[in-house]
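*Asks:* build me a model from this:
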Amino acid sequence: MLRQALTDAVKEAMKARDQRTTSTLRMIQAKLKDKDIEARGLGNPDGIDDQAVLAVLQGMVKQRRESIELYKQGNRQDLVDQEAAEIAVIERFLPQQMDEAQTRAAIGKVIADIGAAGIKDMGRTMAALKERHAGEMDFQKASALVKEALSAA
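*Replies:* Sure, this is the predicted structure:
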């Protein structure tokens, strides 16, 4: 489903002669093709599934956000703008991210569901969150919130 949406978006961007969007979408497709080839080498002839595609897209966004910070330090506004534009294109294919209140609510529910009692249950809590909310949550931020919630427990 995501792959078809990407293919359709490439066609639309090409028709609109939007070079930035076209190049970003082609970059995504190239990255996915690399991951498919890697998966075939591991015995998965169909390549990666939609969950893995989401993980790749999230990784690409994270990578660009890190680059933006470095470019800001180097006073390279042109590169900051380029990376921000790429993030905007990539995020069109990601599910809506939870805000802090939604993230806290999801963490509270998972903690209650699995019976997490303290910081020693952080790994189990994070695993359950990743299973239930893959693609919807920034797990770097969630990790700090889980630690805070489990420390108070």
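
*Asks:* how's this protein carved up into domains?
*Replies:* Listed by automatic domain parsing, the domain ranges of the chain are 2-91, 100-152.

*Asks:* for those domains, which has the smallest mean pLDDT value?
*Replies:* Comparing mean pLDDT across the domains of the chain, the weakest is domain 100-152, with a mean of 84.

*Asks:* who touches the residue sitting nearest the centre point of the chain in this structure?
*Replies:* What sits nearest the mean C-alpha location of the chain, by CA atoms, centre = their mean, is residue 58, with 1.8 Å. Residues in contact with residue 58 (CB atoms under 8 Å, 6 or more residues apart in numbering) are 94, 135. C-betas here are computed from N, CA, C, even on glycine.

*Asks:* the helices in this protein, which residues?
*Replies:* For the chain, helices defined by DSSP state H occupy the ranges 2-15, 19-41, 50-73, 77-91, 100-114, 122-133, 139-152.

*Asks:* next, count neighbours for the nearest residue to residue 141 once chain neighbours are set aside.
*Replies:* Closest residue to residue 141 apart from its sequence neighbours, by CB to CB, 6 or more residues apart in numbering: residue 103 at 7.0 Å. Residue 103 has 21 neighbours, counted by other CB atoms under 10 Å.

*Asks:* residue 103 against residue 144, yeah?
*Replies:* No - with contacts counted by CB atoms under 8 Å, residue 103 stays clear of residue 144, the gap being 10.2 Å.

*Asks:* what comes up buried for stretch 72-88?
*Replies:* 80, 82, 83, 86, 87 (16 or more other CB atoms under 10 Å).

*Asks:* now flag whichever of those residues is closest to residue 148.
*Replies:* Nearest to residue 148 among the buried residues of stretch 72-88, counting by CB to CB, is residue 87 at 27.3 Å.

*Asks:* surely the closest one touches residue 62?
*Replies:* No - at 9.7 Å, residue 87 does not count as touching residue 62 under the criterion of CB under 8 Å.

*Asks:* for residue 124, give me its contacts.
*Replies:* For residue 124, the contact set (CB under 8 Å, 6+ apart) comprises 114, 116.

*Asks:* quick one: it and residue 79, what's the gap?
*Replies:* Residue 124 is 40 Å from residue 79, where distance means CB to CB, to the nearest Å.
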